[in-house]
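> What shape does this take:
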Amino acid sequence: MCRWLAYSGPEIYLEDLIIKPSRSLLVQSRFARENFVENIQGLPDGAFPTNGDGFGVAWYGERDRPGLYRDLRPAWSDRNLVNLAEQIRSGLFLAHLRAAYHGLVQRSNSHPFRHGRWTFQHNGEISGFEQIKRSLQMEVDPELFVQIRGTTDTETAFYLALTLGLDNDPKGAMERMVGLVEQEQERAGISEPFRLTCAFCDGQRLYAIRYSTDGKPKTLYHNRAGRGLSDVLSDEAGRPGPGTVLLSEPIDDCPENWDSVPPSRFVTVEGGEVRQQAFQPRAPD
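The predicted structure follows:
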């Protein structure tokens, strides 16, 4: 289990969402509460109360390329994160806490991942990834493959989506990517699911997906319009602003402030509007 959030709206300090709220991402790095579903052995199914295997923040500003800060240490022990978050203002950013499922604990495996203007982060897993890693990476465009730095299933999925047309067709590219992964899982006899609850951004629009092959995806929420976070997402007159937060787990203790995104949905955030579409994976021809 990982934890993440993504924000689109008026410029705010990163600390307003990552550090300050009562259930902030920093708090969740030690005390996460969502996705605790027991498996048949009575052990957490990919869910942990701590997310201490690295963290990262990506933000968009005046330059073409988004800023990126990642580390392999737990977020709760890094004062640099607190110092940066209290100084950086952005109207579009992503933040992620990692609980390692695939790949080593190293900086190159920390989310978000960046390519050009794109940033990408994920909560979930490609089950049986080690069995199909080679076949999936063979499908990545050779010019993109050389830019893969880490060992995670997430980075491979990101570069597959870029190969399959993410620049021009974000929803279609992600549907083709997931369809391809599920096709390879089936060929390899892997019955466990591909769980994909992710956020990604091109510097203009913010996107998210909540999906799982078995219909039991990781959680995804967005704040209700005009509800919650009024001290952060409001104008000088105190009126709620157009800011939108997408996240794995609410950052306060007020359920009425949050709407859960249903399974198998593709979410687009632009201009304060949250639009949802059906997400229907299909393998590319």
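> where do the strands sit along the chain?
Assigned by DSSP state E, the strands in the chain fall at 3-13, 55-59, 67-71, 89-97, 113-115, 118-126, 194-201, 206-212, 221-223, 244-247, 258-260, 265-270, 273-278.
> Give me the buried positions along the last one.
Spelled out, that is strand 273-278. Val274 (16 or more other C-beta atoms under 10 Å). Bear in mind the C-beta positions are built from the backbone N, C-alpha and C, glycine included.
> Identify all contacting residues around that strand.
By C-beta atoms under 8 Å, 6 or more residues apart in numbering, the surrounding residues in contact with strand 273-278 are Lys171, His222, Thr244, Val261, Pro262, Ser264, Arg265, Phe266, Val267, Thr268, Val269.
> Quick check, the last one in contact with Val245.
So the one you mean is Val269. No - using C-beta atoms under 8 Å as the test, Val269 is too far from Val245 to be in contact (9.3 Å).
> Need the residues touching each of those two.
With C-beta under 8 Å, 6+ apart as the test, Val269 and Val245 both reach His222.
> returning to what we had before: among the contacts of strand 273-278, which pair sits farthest apart?
Thr244 and Ser264 (20.5 Å; C-beta to C-beta).
> Compare those two (neighbour count), which wins?
The residue with more neighbours, out of Thr244 and Ser264, is Thr244; 21 against 16, by other C-beta atoms under 10 Å.
> Please name the residues that touch the more buried one.
Counting by C-beta under 8 Å, 6+ apart, Thr244 has contacts Tyr7, Ser8, Gly9, Leu206, His222, Asn223, Val269, Gly272, Val274.
> what's the closest of the residues you listed to Arg23?
Nearest to Arg23 among the contacts of Thr244: Asn223, at 12.9 Å, using C-beta to C-beta.
> ok, the closest residue to the closest one other than its chain neighbours - how many residues close by?
Once flanking residues are discounted, Asn223 sits nearest to Val245: 4.8 Å by C-beta to C-beta, 6 or more residues apart in numbering. Per other C-beta under 10 Å, the neighbour tally for Val245 reads 24.
> shouldn't Val245 be in contact with Arg224?
No - using C-beta under 8 Å, Val245 is not in contact with Arg224, being 10.3 Å away.
> joint contacts of the two?
Shared contacts of Val245 and Arg224, defined by C-beta under 8 Å, 6+ apart, are absent.
> Which parts of this protein are helices?
Here the chain has its helices, by DSSP state H, at 15-18, 25-31, 79-85, 129-137, 142-145, 153-163, 170-187.
> could you say what helices and strands the third one packs with?
The helices and strands touching helix 79-85, judged by 3 or more C-beta pairs under 8 Å, 6 or more residues apart in numbering; DSSP states H and E, are helix 15-18, strand 55-59, strand 67-71.
> And the average pLDDT for the last one is what?
By that I understand strand 67-71. Averaged across strand 67-71, pLDDT comes to 91.
> Where does the prediction get shaky in the stretch 151-285 of the chain?
Along the stretch 151-285 of the chain, segments meeting pLDDT under 70 span 226-242.
> neighbours around the residue nearest to Gly91 when sequence neighbours are not counted, how many?
Distances taken as C-beta to C-beta, 6+ apart place Glu11 nearest to Gly91, at 4.5 Å, with adjacent residues excluded. Glu11: 12 surrounding residues under other C-beta under 10 Å.
> same thing with Gly67?
Gly67 is flanked by 16 other residues according to other C-beta under 10 Å.
> shouldn't it be in contact with Gly61?
Yes - taking contacts as C-beta under 8 Å, Gly67 lies within contact range of Gly61: 6.3 Å.
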